[in-house]
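S.K.: coordinates only, no sequence provided:
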Ligand code: UD1
Ligand code: MG
């Protein structure tokens, strides 16, 4: 039994988009977080259609696979030959014999369309009891588009494609946006009468309007408030133009909701990202995918975040992050690289030229400079010295390293996983640690230092070094070799981390 008022949305997505010159079907081109098709389906979402039919053709397998991901409830219908938009809709409706009431048809290449506009189109259509209603817009440059031809009383007469239009019709700047509402029964009837008598020899959906008018059926034109919403794109230059327009729309919305965007022209926020109040987005920053930026966080300049969560009041400066989680008040960069499952707890720091992957950096812990942290758990308040490498890969498998709470890793250390440095333990700078260091112990693997007196004079005579050594000796006798007395700390050179414990420590403990 046919259901009453089974509302249907049809999206036309079978075209190739020749001028994109791409292996990707046009509707799969990406635009700030969604494909063109994804944007159109999102705009159609609030219609709450019972059935959504997507006509696929060029790259059908790719489009189907994408649909399965983003709109599993939609029904793809194959149009194996692209014989025109009218033909496409006919095939779509064959797949939904039970459709009744209003059917909405949307071209798949109109990504800036807003949901409110589609909803308003359908409301006007149903209010007027029209057989068909087209979304129109007055545009500065109508080149290539179908024109809305009205009679002396301003009523729609027909829609004429540019290539079939008279010079007078071409001068019209009111265009067909490619978005329509139809009464499905009257649409089916008119589709059966379409001819291919036009410049392209195709069945034009737009001809339905002329047919309905001739039959005395009521048709309507709904004019979009903002023509930008109706812009399609045929090549990559136009796609870039749409991307800029969408960028401006997205940035404006965030600024109006209380986000500071210091340079909107160089800030690119995907429609899928979110930013909380009083966050500051500095210039040349991209927020992609499911990225979330918390209140009062400062991101940028020169930051790209993909699917990354930045907590409240955190800062991220000149860095790249993918699938990372930056805790509240944490500090990242400049020049950090956070990879998937890098999780930085509250108040932690990942500094300059540091890469972190699949690791937890505990609350208040610091990895300030020149380090690789992979497959590690770093406890709260631990301090990881400059140039520490978490050696996680044996060529076949990855292994984990654990650094306990408030442990202190000296500079230029290799922690060779699997290994554990206990809470409060120290590791001397320059060590290669492959065995566990117990809580509170010092781990050190350094060879004792030797000083071979007079080596430079013998082996490097005539060099600047030899001359400098000679002058120093003439001035004050030989420079003392470092004496390794217990408890003397010789720092490793990094500002924040010592860990340059003396060889004497090893000898005596
Ligand atoms: C169409 C309209 C034009 C309107 C413009 C708005 C027609 C005849 N013309 O022209 O009046 O101003 O959109 O952008 O409808 N498609 C199919 N199967 C086909 C042909 C097209 O699925 O056989 C799909 C395309 O993938 C695209 C949409 O329909 O998503 C529109 O087709 P396109 O070739 O871009 O039509 P336009 O020439 O832009
Ligand atoms: Mg088009």
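M.R.: Perfect, I can see it now. Because the structure is predicted, anything quoted here is derived from the model rather than measured. Ligands and ions are numbered 1, 2, ... in the order given.
S.K.: for the residue of the stretch 351-500 of the chain found nearest ligand 2, grab the count of nearby residues.
M.R.: In the stretch 351-500 of the chain, the residue that lies nearest ligand 2 is residue 357 (43.1 Å; CB to the ion). C-beta coordinates here come from the backbone N, C-alpha and C atoms, glycine included. Applying other CB atoms under 10 Å, we find 21 residues neighbouring residue 357.
S.K.: which residues does the residue of the stretch 1-150 of the chain found nearest ligand 1 contact?
M.R.: Closest to ligand 1 within the stretch 1-150 of the chain is residue 146: 2.1 Å, counting by CB to the nearest ligand atom. By CB atoms under 8 Å, 6 or more residues apart in numbering, the contact list for residue 146 reads 159-162, 175-176, 178, 206.
S.K.: rewinding a little: can you pull up the bridge partners for the residue of the stretch 351-500 of the chain closest to ligand 2?
M.R.: Residue 357 has these beta-bridge partners by DSSP bridges: residue 374.
S.K.: surely it meets residue 375?
M.R.: Yes. Using CB atoms under 8 Å, residue 357 is in contact with residue 375, at 7.2 Å.
S.K.: hmm, back to that, quick check, pLDDT for the residue of the stretch 351-500 of the chain closest to ligand 2.
M.R.: As predicted, residue 357 sits at a pLDDT of 98.
S.K.: what are the phi and psi values for the residue of the stretch 1-150 of the chain closest to ligand 1?
M.R.: Here is the backbone geometry of residue 146 (degrees, to the nearest 10): phi -70, psi 140.
S.K.: quick check: closest non-adjacent residue to it.
M.R.: Distance criterion CB to CB, 6 or more residues apart in numbering; nearest residue to residue 146, sequence neighbours excluded, is residue 176 at 3.9 Å.
S.K.: and the one you found, what is it in contact with?
M.R.: By CB under 8 Å, 6+ apart, the neighbours of residue 176 are 134-136, 145-148, 159, 206.
S.K.: doesn't residue 46 fall inside a helix?
M.R.: Yes. The assignment for residue 46 by DSSP: H, G, I helix; E, B strand; the rest coil puts it in a helix.
S.K.: need the contact list for it.
M.R.: Listed by CB under 8 Å, 6+ apart, the contact set of residue 46 reads 115, 118-119.
S.K.: out of the residues you listed, which are inside helices?
M.R.: Of the contacts of residue 46, the ones assigned to helices by DSSP state H are 115, 118-119.
S.K.: could you dump those to JSON lines with distance to residue 194 and neighbour count?
M.R.: Listed next are the ones in helices among the contacts of residue 46 as JSON lines, based on distance: CB to CB, whole Å; neighbours: other CB atoms under 10 Å:
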{"residue": "115", "distance to residue 194": "30", "neighbour count": "13"}
{"residue": "118", "distance to residue 194": "24", "neighbour count": "24"}
{"residue": "119", "distance to residue 194": "28", "neighbour count": "16"}
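S.K.: and the residue nearest to residue 146, helix, strand or coil?
M.R.: Strictly by three-state DSSP, residue 176 counts as strand.
S.K.: name whatever forms a beta bridge with it.
M.R.: With DSSP bridges as the criterion, residue 176 is bridged to residue 136.
S.K.: distance of it from residue 58?
M.R.: Distance of residue 176 to residue 58, given as CB to CB, to the nearest Å: 22 Å.
S.K.: which single residue of the stretch 351-500 of the chain ends up nearest ligand 1?
M.R.: residue 357 (40.5 Å).
S.K.: so who does that residue touch?
M.R.: Residue 357 neighbours (CB under 8 Å, 6+ apart): 338-342, 373-375.
S.K.: show me just the buried residues among the residues you listed.
M.R.: Among the contacts of residue 357, those scoring as buried are 338-339, 342, 373-375 (criterion: 16 or more other CB atoms under 10 Å).
S.K.: mind giving me the packing neighbours of the helix or strand harbouring residue 190?
M.R.: Assigned by DSSP states H and E, residue 190 belongs to helix 184-191. In terms of contacts (3 or more CB pairs under 8 Å, 6 or more residues apart in numbering; DSSP states H and E), helix 184-191 is packed against helix 85-94, strand 102-107, strand 132-138, helix 207-214.
S.K.: with adjacent residues omitted, what lies nearest to the residue nearest the centre of the chain?
M.R.: Centroid-nearest residue in the chain: residue 288, 2.3 Å away (criterion: CA atoms, centre = their mean). Closest residue in space to residue 288, ignoring its immediate chain neighbours: residue 306 at 4.5 Å, by CB to CB, 6+ apart.
S.K.: if you skip the residues just before and after it, what's nearest to the residue in the stretch 151-300 of the chain that ligand 1 sits nearest to?
M.R.: Proximity of the stretch 151-300 of the chain to ligand 1 (CB to the nearest ligand atom) peaks at residue 178, 3.3 Å away. Nearest residue to residue 178 in three dimensions, chain neighbours excluded: residue 107, at 3.4 Å (CB to CB, 6+ apart).
S.K.: and that neighbour, what are its bridge partners?
M.R.: Bridge pairing for residue 107 - DSSP bridges - gives residue 12.
S.K.: so who does it touch?
M.R.: 11-12, 40, 85, 177-179, 232.
S.K.: which among the residues you listed gets closest to residue 367?
M.R.: residue 40 (44.1 Å; CB to CB).
S.K.: burial measure for the nearest residue to residue 295 once chain neighbours are set aside, as a count.
M.R.: In space, residue 295 comes closest to residue 276 once its chain neighbours are excluded; the distance is 4.0 Å by CB to CB, 6+ apart. The number of residues packed near residue 276 is 18, by other CB under 10 Å.
S.K.: surely residue 276 touches residue 291?
M.R.: No. Using CB under 8 Å as the test, residue 276 is too far from residue 291 to be in contact (11.8 Å).
S.K.: how about the closest residue to ligand 2 within the stretch 151-300 of the chain, phi and psi?
M.R.: Using CB to the ion, the closest approach of the stretch 151-300 of the chain to ligand 2 is made by residue 232 at 4.4 Å. In terms of degrees, to the nearest 10, the main-chain angles of residue 232 are phi -100, psi -180.
S.K.: nearest residue to it other than its sequence neighbours?
M.R.: Residue 232 sits nearest to residue 109 (CB to CB, 6+ apart), 4.6 Å away.
S.K.: same check, this time on residue 259
M.R.: Residue 259 sits nearest to residue 275 (CB to CB, 6+ apart), 4.7 Å away.
S.K.: against residue 316, how distant is the one you found?
M.R.: 13 Å.
S.K.: same check on residue 159?
M.R.: Distance from residue 159 to residue 316, by CB to CB: 50 Å.
S.K.: quick one: which of the two has more around it?
M.R.: residue 316 (30 against 25).
S.K.: ok, the closest residue in space to the more buried one that isn't next to it in sequence - how many residues close by?
M.R.: Excluding the flanking residues, the one nearest residue 316 by CB to CB, 6+ apart is residue 332, at 4.4 Å. Number of residues near residue 332 (other CB under 10 Å) recorded here: 30.
S.K.: residue 332 against residue 352, yeah?
M.R.: No. Look at residue 332 against residue 352 with CB under 8 Å: they stay out of range, at 10.1 Å.
S.K.: give me the contact list for the lengthiest helix in the chain.
M.R.: The residue-count maximum for a helix in the chain (DSSP H) belongs to helix 236-256. Around helix 236-256, the neighbours that count as contacts under CB under 8 Å, 6+ apart are 20-22, 29, 31-32, 111-112, 228, 231-233, 261, 264, 267-271, 275, 281.
S.K.: give the buried residues for that helix.
M.R.: Here helix 236-256 shows 239, 242-243, 246-247, 249-251, 254 as buried, counting by 16+ other CB under 10 Å.
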